[in-house]
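[1] got a structure for you, letters missing:
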């Protein structure tokens, strides 16, 4: 009887160990609209494990891969279902990055696109980014020694938080990123209801707002960082990026700040320029 119980215990232990390493639960190839960019890429929807939750994400990679490629973690903008990564983004923006020679992975964040849990706009859902980085180790043709990260808007905030939480990255880049959630709450009246629901009231939950605001902890941004912001950004005021840049300068951080004259929030009139700049930044730090 004791021998039988020992065997059962060993089997359970082995099973638990296997499960702990099995982060990607499913990977399904999908078709996206054909564009000049998507013609040469292939796209997958993935489900992966994050803090015991089944979270949804996507992967875009070149069709022809001759060697392992650097991993690019893309942190999406928006909140909940608004701004989630759809077929248009897959066929254009993320395919653009795949064509530059990256395997692109992105999370929809917990609770979105059919995933389990509830997002917290920079709370525990930051783990969905960190766990996705680890999940990439299970994928073929990914050079896990060379990982980079790109975040847009709210995704910029997620990028700063991932760096603070010790993500293993060669370099990171942020476009129109939120650096001060207090300022975001005050300036964007339309988002206050969402923030009240997902984060809380800033007067009553000051610690939660500070935790999500990189201007309060610039000394913890220790990954080579490229910050880009539009001068005329009305969604995330450019003053947020300027303040963080000033504080990083005082920290002698490894960073670069680029401000685009007349640029709006998404820098849509500067996409080619800023993506080339970002790619150069990544390539400068890959293999260092």
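    Everything's here; your move. In this text, all values refer to a predicted model and were calculated from it rather than measured experimentally.
[2] what's around residue 184, how many residues?
    Residue 184 has 24 neighbouring residues, counting by other Cβ atoms under 10 Å. For the C-beta atoms, the positions are set from N, CA and C on the backbone; glycine is no exception.
[3] check contacts around it.
    For residue 184, the contacting residues are 178, 191, 195, 236, 240, by Cβ atoms under 8 Å, 6 or more residues apart in numbering.
[4] report how many residues lie close to the first one.
    Just to be clear, that refers to residue 178. For residue 178, using other Cβ under 10 Å, the count is 28.
[5] where does it fall, phi/psi-wise?
    phi -80, psi 120 (degrees, to the nearest 10).
[6] would you confirm that it contacts residue 237?
    No - contact criterion Cβ atoms under 8 Å: residue 178 and residue 237 do not qualify, at 10.0 Å.
[7] ok, back up a step: most neighbours, which of the contacts of residue 184?
    The most crowded member of the contacts of residue 184, judged by other Cβ under 10 Å, is residue 178 (28 neighbours).
[8] nearest spatial neighbour of it, skipping sequence neighbours?
    Closest residue in space to residue 178, ignoring its immediate chain neighbours: residue 157 at 4.2 Å, by Cβ to Cβ, 6 or more residues apart in numbering.
[9] now the strands for the stretch 1-150 of the chain?
    24-30, 41-50, 53-62, 69-75, 103-107, 142-152 (DSSP state E, counting those that start in this stretch).
[10] tilt between the fourth one and strand 103-107?
    Pointing back at strand 69-75 there. On the basis of axes from the mean of the first three to the mean of the last three Cα atoms, to 10 degrees, strand 69-75 is oriented at 20 degrees to strand 103-107.
[11] now strand 69-75, how far from the chain's geometric center?
    What separates the centre of strand 69-75 from the centre of its chain is 9 Å, taken as Cα atoms, centre = their mean, to the nearest Å.
[12] so it versus strand 142-152, what angle?
    Relative orientation of strand 69-75 and strand 142-152, computed by the same axes, to 10 degrees: 30 degrees.
[13] so which elements touch strand 69-75?
    Under the contact criterion of 3 or more Cβ pairs under 8 Å, 6 or more residues apart in numbering; DSSP states H and E, strand 69-75 touches helix 93-99, strand 103-107, helix 126-135, strand 142-152, helix 154-164.
[14] show me where the stretch 151-288 of the chain has strands.
    Remark: strands assigned in the stretch 151-288 of the chain by DSSP E, counting those that start in this stretch are 171-175, 225-230, 255-260.
[15] which of these is buried the deepest?
    strand 171-175 (a mean of 28; mean count of other Cβ atoms under 10 Å).
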